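Visitor: show me the folded form of this:
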Amino acid sequence: MRRILAISDIHGELELFNELLEKVNYNPSRDQLILLGDYIDRGPDSKGVLDRVVKLKDEGAIVLRGNHDEMMVNVVEGRPGALERWERNGALATLQGYDSTIKSMTNPLTKEFTAHVNFIRSLDYYYETEDYIFVHAGVEPGVPIEAVPTNKLVWIREAFYNVYNGEKTIVFGHTPTSYLLGRGNNNVYFGENKIIGIDGAATYGGQLNCLELPSKNVYHVSKHES
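Guide: Numbers count the residues shown, from 1 in each chain. Sure thing, here's the model as predicted:
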């Protein structure tokens, strides 16, 4: 059986991402990599992360979108309030990775930025197997996955993880595991209600986690260990 390797919430931390892939000995010919979104914002190299993710998808990785990725698309599409929301969540760090002179979205955007926006537009919101559902934030309990509004798939928190009791195990990011395990604990969270949270808050000084399935082995890297 092929290993499934799930990683979420990279947030521009390209060095940690590369280090983690090396640590787990990722090989696209024998492993199924699943990325759960939030490639951008806050960290030092969002553009570099997206460049790497594009290549990984070409090699067979399953790449899903997160709420930060969605915010970038919403801004380009001119949705009301989208720019202000993205600015509060790390937009400038992302934009300056494409052009260090950029001060706001009013500046001309690069072709690389546009290509990355189009790439994100092509991404799915969830991936389902016989035993698992992989998604950025969670699902709406009691609602078939295909009927859950996409904004909930990338934004939901307590209404999912406090209530979920479905048959399939949900693997998700978005909510830092320290919210679930306790302050300072950034390890993978294995909930009794068939949920597995993997966001180790790497860009906040936590750790970037990788969940291996079906073994449930966990790997991680962090800045203070690098």
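
Visitor: all contacts plus neighbour counts: C-alpha atoms, from now on.
Guide: Will do.

Visitor: surely Gly48 is in a helix?
Guide: Yes: when classified by DSSP: H, G, I helix; E, B strand; the rest coil, Gly48 is found to be part of a helix.

Visitor: hmm, Val154 is touching Ala137, no?
Guide: Yes: under the contact definition of C-alpha atoms under 8 Å, Val154 touches Ala137, with a separation of 4.7 Å.

Visitor: what's the overlap in contacts for those two?
Guide: Shared contacts of Val154 and Ala137, defined by C-alpha atoms under 8 Å, 6 or more residues apart in numbering, are found at Gly66, His174.

Visitor: and the residue nearest the centre of the chain, helix, strand or coil?
Guide: Central residue of the chain (C-alpha atoms, centre = their mean): Gly37, 2.4 Å from the mean position. Three-state assignment for Gly37 (three-state DSSP): coil.

Visitor: can you check Ile170 too?
Guide: Secondary structure assignment for Ile170 (three-state DSSP): strand.

Visitor: which residue packs closest to Asp31, ignoring adjacent ones?
Guide: Beyond its immediate neighbours in the sequence, the residue positioned closest to Asp31 (C-alpha to C-alpha, 6 or more residues apart in numbering) is Arg3, lying 4.9 Å away.

Visitor: how close does the one you found get to Val53?
Guide: 19 Å (C-alpha to C-alpha, to the nearest Å).

Visitor: right, and His11 touches Gly205 too?
Guide: No: here His11 does not reach Gly205: they are 11.8 Å apart, not a contact under C-alpha under 8 Å.

Visitor: have a look at the two and say which one is more surrounded.
Guide: When His11 and Gly205 are compared on other C-alpha atoms under 10 Å, the one with more neighbours turns out to be His11, at 28 against 13.

Visitor: circling back to that earlier point, ok, now which ones touch the residue nearest to the centre of the chain?
Guide: Ser8, Asp9, Ile10, Val63, Leu64, Arg65, Gly66, Asn67, His68, Asp69, His136, Gly173.

Visitor: so of these, which ones are in strands?
Guide: Restricting the contacts of Gly37 to those inside strands, with DSSP state E as the criterion, leaves Val63.

Visitor: quick one: which of the contacts of Gly37 is nearest to Val24?
Guide: Checking these against Val24 with C-alpha to C-alpha, the nearest one is Ser8 at 14.8 Å.

Visitor: that's all I had, so thanks and see you.
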